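> What would the 3D arrangement of this be:
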Amino acid sequence: MAKSIVLWLLLPLFVLTSSTTCTKNGPPPRVSMVNPFNQYLQNAGDTASVTLHPNTLPVEIGYSFSVSDTGSVVQIGVRLPDTGRTYTVTLWDGASQAVLARQNIRNGSATAFTYFDLTSVGAQVSLVANHVYVISAYMVPVGTPPAGTAADDNFFDVVRTDRKDIFPMTEGYVTYLYEYTQTATSPTFPANLSEYQDFINGIVDIGFSRINR
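Numbering: from 1, shown residues only. Below is the predicted model of the structure:
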């Protein structure tokens, strides 16, 4: 009788140990995703002012960034004033200027970011730590002439009311470094460094998910 009781007491421990062992052998889980610019605006509250910028030039606007640990970009997105229009958003390798991901995104709101889920088409991009990448958007809607020949294609300006620098901006494992722009008649790598760190045009964002070891 005593032997049977011991076996029943050991059974849950065996099951728990087996379950733990299987978990360790499986793929590494991921931590919660971070949307850096969106999170920054939420945290800044009334300190950050988002205002309309009437655009008269066909321009690509983007930000360089790096991550402090390996992970993946699983979303790319924009927040622009003109809802219902579709914009081309591109993730670039900052060194080679190669296109790592590109999607046309229909802007759904002027007061919130609209993101495209790269995992839905198997297009998520693995990043390495401390390498420079660029996320950018072409500020002319898909299927319309470049700005200046049709209705203005607006974007936003972001500035802090205390005039402190916005970049570099670190949220989680992501650090946005500098803004870059490029005037062009089609989506292109933004190569011109903006001289301002306290006055940001755009807005473009990513969703980054880090591998949890």
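
> quick one: the closest residue to K164 other than its chain neighbours and N107, what's the gap?
In space, and not counting its chain neighbours, K164 is closest to D198: 6.3 Å by Cβ to Cβ, 6 or more residues apart in numbering. C-beta coordinates here come from the backbone N, C-alpha and C atoms, glycine included. Distance, D198 to N107, using Cβ to Cβ, to the nearest Å: 26 Å.

> cool, D165 as well?
27 Å.

> For these two, indicate the residue with more neighbours.
Legend: neighbour count by other Cβ atoms under 10 Å for D165 and N107, higher for N107 (20 against 12).

> Do I have it right that that one meets T86?
Yes. Taking contacts as Cβ atoms under 8 Å, N107 lies within contact range of T86: 7.2 Å.

> Next secondary structure after the lowest-mean-pLDDT helix or strand in the chain?
Least confident helix or strand, the chain: helix 2-25 with a mean of 38, by mean pLDDT, DSSP states H and E. Per DSSP states H and E, the first helix or strand lying C-terminal to helix 2-25 is helix 36-44.

> Can you name the residues that contact the nearest residue to G172 once chain neighbours are set aside?
Spatial nearest neighbour of G172, chain neighbours left out: V34 (3.9 Å); criterion: Cβ to Cβ, 6+ apart. For V34, the contact set (Cβ atoms under 8 Å, 6 or more residues apart in numbering) comprises 171-174, 207-209.

> Where does pLDDT dip in this structure?
1-31, 147-152, 212-213 (pLDDT under 70).

> The helix or strand hosting Y176 to helix 36-44, inter-axis angle?
Following DSSP H and E, one finds Y176 within strand 174-183. For strand 174-183 against helix 36-44, the angle by axes from the mean of the first three to the mean of the last three Cα atoms, to 10 degrees is 110 degrees.

> who does strand 174-183 touch, helix- and strand-wise?
Identification of packing neighbours for strand 174-183 by 3 or more Cβ pairs under 8 Å, 6 or more residues apart in numbering; DSSP states H and E yields helix 36-44, strand 59-67, strand 169-171, strand 192-193, strand 199-202.

> Good, wrapping up.
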